[in-house]
Each structure stands twice: as structure tokens, then as C-alpha cells.
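In: here is my input, please return the structure:
(one chain, ligands or ions: 1)
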Amino acid sequence: MTLPFGLPLRSLLVLLVGCAAVVSRAQAGDPGMNRVAESYVKLVLAVGLHDGDYVDAYYGPAEWKTEVAGEKPALPLIRERAAELRASLAAMDVSGGEALSRMRHKFLDRQLAALEARVAMLAGTKFTFDEESERLYDAVAPTRTEAYFQDLLVQLDQALPGSGTVTERLEAFRRDFVIPADKIDPVFQAAIAEARKRTGLHLALPAGENFTVEYVTDKPWSAYNWYQGNFQSLIQVNTSLPIYIERAIDLACHEGYPGHHVFNVLLEKNLVRDRGWVEFSVYPLFSPQSFIAEGTGNYGIVVAFPGEERIAFARDVLFPLAGLDPARAAEYARVLSLTKQLNFAGNEAARRYLDGEISAEAAAEWLNRNALMDPARAKQRVRFIDKYRSYVINYNLGEQIVERYVETHAAGDAQRRWEIFAELISTPQLPSGIR
Ligand SMILES: [Zn+2]
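Out: You can find the predicted model right below:
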């Protein structure tokens with residue numbers, strides 16, 4: 001999924017009629033771990049009956065969903081079962097197994113720990129912002145002072161023409177880079193085609209993978225990938241607010257190639273189908289999996305369009321398609337690179353607000369002043385924070401951690417960058433495992 005004003009979010013509940021392949025192709029593997037995995041899937045579906053945002057996608061056996069809906073276990077029983085599953089995992093000796101099995105073992109335990117935390121929250125437990133993000137996403141965002149953002153604001157102040165506050169001048173400046181409504185689809189399709197082509201040159205995608213794009217309005221996010229299983233996604237783009245030209249590449253990569261669509265496709269291909277690891281046929285939104293999904297979704301933009309390639313493609317193809325002035329592409333990119341560094345301001349507003357230090361109005365005001373959001377977008381972001389809470393760190397911190405991991409291991413080699421990235425999106429990864 002993509003946050004309003006730039007940050008990405010994930011898919012809501014997607015139901016798919018049962019995927020028989022999930023079960024029939026299950027390999028011998030580890031019977032103990034497979035049993036835990038099946039119980040884990042059913043527990044995630046059970047939490048989904050108490051929390052409509054929890055199950056982001058499910059394409060496992062349809063009868064499991066029917067079974068869970070029939071029982072509808074209460075929250076205390078779900079917690080009890082999660083604790084039992086974690087005890088079973090703790091009793092297993094996986095030290096002699098292959099590396100991927102050990103990662104799977106750790107992944108299941110950490111996903112279950114996050115499930116326990118979400119269930120505790122649904123039952124009324126209040127965590128601080130940092131406790132919550134640690135429990136749900138296996139990560140804690142660094143704290144940035146207001147002075148940190150002020151330094152960036154001074155640079156933007158100097159870069160932006162006109163009069164008024166920096167926020168007002170940024171809005172005025174960006175108005176020249178809005179995609180006209182009748183050009184949105186052709187511009188997006190061009191960006192998607194290019195992102196897909198670039199991804200296909202480096203990653204082996206299964207035959208028949210595809211997605212459809214829909215334009216919607218009145219959503220708390222700017223775009224959403226609803227993974228449907230069988231290598232298909234439905235991507236929705238919210239057109240309620242003006243869409244700036246850079247969003248075409250952002251969304252094509254983040255939601256599609258090599259972001260969420262490819263992430264889901266490779267997990268289904270490599271883990272669910274080839275190995276019979278059913279736990280990957282369900283995706284609990286409030287879990288460490290989202291940190292990896294959003295981090296790779298955002299960094300996937302850089303992987304697909306490294307260095308100057310992004311500006312070049314926007315200038316040569318997307319600006320003309322949208323009827324915008326290509327001569328201003330570089331100037332626009334410079335301003336955007338400064339505003340991107342303000343993304344962490346969203347964490348500070350969320351942390352202070354959710355920890356009860358400031359009101360919703362003060363949080364919106366903070367975003368207006370330090371993240372340069374106009375009042376309408378700042379209010380919309382506060383509503384997003386109300387609903388998704390510490391999920392906001394998955395975008396900026398997630399991207400930063402993924403970037404460091406990929407670049408450290410790739411050491412400047414373009415093909416190696418793709419390989420490391422592919423490994424992150426097709427194996428059981430945890431945020432604490434890539435720091
Ligand atoms: Zn996303």
C-alpha cells in the first residue's frame with residue numbers, strides 16, 4: 001500500500017477460492033514445522049475475524065477459512081494457541097537443517113510473537129509507539145529532533161522560489177508537476193511497462209504473472225496492491241488528490257515491479273508452491289513481513305531506476321506523455337530529493353501523537369511545519385496514523401534498512417544488487433536479520 005502523500009501501504013483482505021496446488025504440491029519438508037505453519041495460517045485468519053485490517057491477503061485452502069469462521073475463537077483462546085505454537089517451535093532442534101529451514105523456523109516464531117502483540121492490543125493493551133513497532137515489526141525507528149528537520153527546511157527554503165511559508169511555496173512549485181486527469185492512465189501504463197521490462201531482465205518471473213490497475217477515490221492510502229494468488233494482483237490507485245508525476249514511477253515499482261506484486265509472486269512461487277510452505281499463503285498486515293514488504297517496495301524504485309536513470313526516463317518519456325515541460329525534470333528531482341529526507345518527520349508526529357504527548361491537531365500542525373504537508377494532506381495523514389499506527393515506520397526505516405543491506409552486499413555491482421534484492425523478496429526474512 002502507499003501512504004497518502006507519498007508513502008506506500010498494503011493490500012486489504014483478499015479472498016481467493018482455494019488454491020489446491022498449495023496442499024497437493026506440499027513437499028515432505030519438516031512435518032513438525034508444516035503442522036505449526038498450518039495452525040499459524042488458521043490463527044491469522046482467526047485474528048482477521050476480530051480485526052478487519054489484519055489479513056492483507058489469503059490464497060490458501062478455502063476450507064481453512066470456512067473452518068475458522070465456523071469456530072471464531074475468542075481472543076484469549078487465540079493467544080493461548082499462539083503461545084503453544086511458539087512452545088512447539090522452541091522445542092524443535094533445527095540446528096542441523098538447511099539455512100532456509102532455520103530462517104523459516106525463526107520467521108514463524110517472530111510472526112507469531114507479532115500476532116500475540118496485535119491480539120493483546122485488540123484486547124486493550126496499550127504499548128508505547130516504540131514498543132509497538134518492536135513487537136509488531138521487529139524494528140524501532142530512530143528519534144529525530146526538530147533541529148534535524150529544520151536544517152533540511154533551510155535548504156528547501158533556499159531552493160524554492162516565490163513568497164509565503166516553505167510549505168506554501170512547495171505546494172505552489174509542485175502544481176506544475178501534476179499529471180492531468182486524462183493523462184493519468186497512459187502515464188501509469190508507460191511507467192509500469194518500463195518497470196516490468198527492467199525487472200524481467202534481471203529476475204525470473206513465473207509465466208502468466210500479471211496485474212490489473214483500477215482507479216478509485218476516497219481512500220486513506222494513495223495506492224494498494226491486493227494480491228489474489230495465482231500470480232495475480234489488483235492494484236488500486238487513489239485519484240482523490242492530485243497525482244504528481246513522480247508517483248508514476250513510484251507506484252509502478254512499489255506496488256508492481258519489483259515491489260509488492262513481485263514480492264508476493266516470488267513468495268508464492270518459491271515457498272508456497274515449490275516447498276509447500278503454507279504460511280506464506282496468508283499475509284498478516286501488522287507483522288514483520290510488512291517491514292520487508294514496504295522496505296523492498298520503496299527501495300525497489302531505486303533498484304529498477306538507479307542513479308540518473310529515473311530522471312532520464314521521467315524526462316524523456318513520462319513528462320512528454322503528461323504534457324509537462326521536460327526541461328524542468330532535473331530541477332524538480334532536486335527539490336524532491338530534499339523533501340524525501342523529511343519522510344522521517346512522519347514517525348515523530350506519529351510517535352508523539354500515539355504516546356499521548358500531543359493532540360491530533362498538534363500532530364497535523366507538526367506535519368505541516370516539518371514534513372511540508374498542506375493542511376488537508378496533514379489531516380489525512382493523521383487519520384492514517386489513527387488507523388495504521390506505528391506501521392508508518394515500515395516505509396522510511398524499512399527502505400533505509402533494505403538499502404543498507406542491499407548496497408553493503410552488492411558493493412556497487414548492478415547485477416549483484418538485483419540478486420540480493422531478489423533474495424530478500426523470495427525467502428523468509430526478518431527485519432532483525434538484515435540489520
Ligand atoms: Zn506498500
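In: can you tell me which residue is nearest the centre of the protein?
Out: With distances taken as CA atoms, centre = their mean, the residue of the chain nearest its centroid is residue 294 (2.4 Å).
In: now it. Nearest residue, chain neighbours left out?
Out: Of all residues not flanking residue 294 in the chain, residue 394 sits nearest, at 3.8 Å (CB to CB, 6 or more residues apart in numbering). No exception for glycine: its C-beta is placed from N, CA and C like everyone else's.
In: what strand or helix carries the residue nearest to the centre of the chain?
Out: Assessed by DSSP states H and E, residue 294 sits inside helix 288-304.
In: same check on residue 205?
Out: Using DSSP H and E, residue 205 falls outside every helix and strand.
In: count of residues packed around it?
Out: Counted with other CB atoms under 10 Å, the neighbours of residue 205 add up to 18.
In: list phi and psi for it.
Out: phi -100, psi 140 (degrees, to the nearest 10).
In: just to check, it is in contact with residue 211?
Out: No: contact between residue 205 and residue 211 fails when scored by CB atoms under 8 Å: they sit 11.6 Å apart.
In: tell me the mean pLDDT for the longest helix seen in the chain?
Out: As assigned by DSSP state H, the longest helix anywhere in the chain is helix 99-122. Computed over helix 99-122, the mean pLDDT rounds to 97.
In: after that helix, next one along is what?
Out: Immediately after helix 99-122, counting by DSSP H and E, sits helix 129-137.
In: what angle separates that following helix from helix 99-122?
Out: For helix 129-137 against helix 99-122, the angle by axes from the mean of the first three to the mean of the last three CA atoms, to 10 degrees is 130 degrees.
In: so for helix 129-137, what's the average pLDDT?
Out: 98.
In: what about residue 241, neighbour count?
Out: Applying other CB under 10 Å, we find 15 residues neighbouring residue 241.
In: please apply the same query to residue 71.
Out: 12.
In: quick one, what contacts the residue nearest to residue 294?
Out: By CB atoms under 8 Å, 6 or more residues apart in numbering, the contact list for residue 394 reads 137, 290-291, 293-295.
In: relative to the whole chain's centre, how far out is the helix or strand harbouring it?
Out: Element membership for residue 394, per DSSP H and E: helix 393-410. Its chain's average C-alpha position is 13 Å from that of helix 393-410, according to CA atoms, centre = their mean, to the nearest Å.
In: hmm, it touching the ion?
Out: No: shown here: helix 393-410 not in contact with the ion (CB under 5 Å from the ion), separated by at least 7.4 Å.
In: can you pull the alpha-carbon coordinates of that helix into CSV?
Out: The C-alpha trace of helix 393-410 is given here as CSV (Å, rounded to 0.1, in the frame of the first residue of the first chain):
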residue,chain,number,x,y,z
ILE,A,393,8.0,3.3,10.1
ASN,A,394,7.9,0.4,7.6
TYR,A,395,8.1,2.9,4.7
ASN,A,396,11.0,5.1,5.7
LEU,A,397,13.0,2.9,8.1
GLY,A,398,12.2,-0.2,6.1
GLU,A,399,13.6,1.4,3.0
GLN,A,400,16.7,2.6,4.9
ILE,A,401,17.5,-0.9,6.3
VAL,A,402,16.8,-2.6,3.0
GLU,A,403,19.1,0.0,1.2
ARG,A,404,21.9,-0.6,3.6
TYR,A,405,21.6,-4.4,3.4
VAL,A,406,21.4,-4.4,-0.4
GLU,A,407,24.2,-1.9,-1.0
THR,A,408,26.6,-3.5,1.5
HIS,A,409,26.2,-6.9,-0.1
ALA,A,410,26.1,-5.7,-3.7
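In: could you check the angle that helix makes with helix 129-137?
Out: Using the same axes, to 10 degrees: helix 393-410 against helix 129-137 is 60 degrees.
In: tally of neighbours for whatever residue of the stretch 301-435 of the chain ends up closest to the ion?
Out: The ion sits closest to residue 395 of the stretch 301-435 of the chain, with a gap of 7.4 Å, by CB to the ion. Residue neighbour count, defined by other CB under 10 Å, stands at 27 for residue 395.
In: just confirm residue 58 contacts residue 279, I think it does.
Out: No: under the criterion of CB under 8 Å, residue 58 is not in contact with residue 279, lying 11.3 Å apart.
In: which outside residues touch stretch 422-430?
Out: Stretch 422-430 has contacts (CB under 8 Å, 6+ apart) with 100, 103-104, 106-107, 110, 138, 202-203, 258, 262-263, 266-267, 269-271, 277, 280, 288, 292, 296, 402, 405-406, 434.
In: isn't residue 47 up against residue 284?
Out: Yes: in this structure, residue 47 is within contact of residue 284 by CB under 8 Å, at 7.0 Å.
In: please name the nearest non-neighbouring residue to the residue of the stretch 201-350 of the chain found nearest the ion.
Out: Distance from the ion to each residue of the stretch 201-350 of the chain (CB to the ion) is smallest for residue 297, at 4.4 Å. Closest residue to residue 297 apart from its sequence neighbours, by CB to CB, 6+ apart: residue 259 at 3.8 Å.
In: what does the stretch 151-300 of the chain put close to the ion?
Out: Taking CB under 5 Å from the ion as the criterion, the stretch 151-300 of the chain approaches the ion at residues 294, 297.
In: how about the strands in the stretch 151-300 of the chain?
Out: 210-216, 223-229, 232-238, 282-284 (DSSP state E, counting those that start in this stretch).
In: over to the stretch 1-150 of the chain?
Out: Taking DSSP E, counting those that start in this stretch as the test, the strands found in the stretch 1-150 of the chain are 55-58.
In: flag the shaky bits of it, pLDDT-wise.
Out: Residues of the stretch 1-150 of the chain meeting the criterion pLDDT under 70: 4-29.
In: swap the cut-off to 80 and go again
Out: Low-confidence segments of the stretch 1-150 of the chain, defined by pLDDT under 80: 2-29.
In: out of residue 47 and residue 284, which sits in the busier spot?
Out: residue 284 (29 against 23).
In: list the beta-bridge partners for the more buried one.
Out: Per DSSP bridges, the residues bridged to residue 284 are residue 55.
In: for it, give me the pLDDT.
Out: Confidence score, pLDDT, at residue 284: 98.
In: cool, and the one 3 residues further on?
Out: Confidence per residue is given as pLDDT, and for residue 287 that number is 98.
In: neighbours of it, how many?
Out: 25.
In: could you find the closest non-adjacent residue to it?
Out: Per CB to CB, 6+ apart, closest to residue 287 is residue 114, 4.3 Å.
In: hey, what's in contact with both of residue 58 and residue 279?
Out: In contact with both residue 58 and residue 279: residue 41, using CB under 8 Å, 6+ apart.
In: next, count neighbours for the residue nearest to residue 297.
Out: 30.
In: hmm, residue 300 and it touching each other?
Out: Yes: with contacts counted by CB under 8 Å, residue 259 reaches residue 300, the gap being 4.3 Å.
In: if anything else comes up later, I'll come back, but that's it for now.
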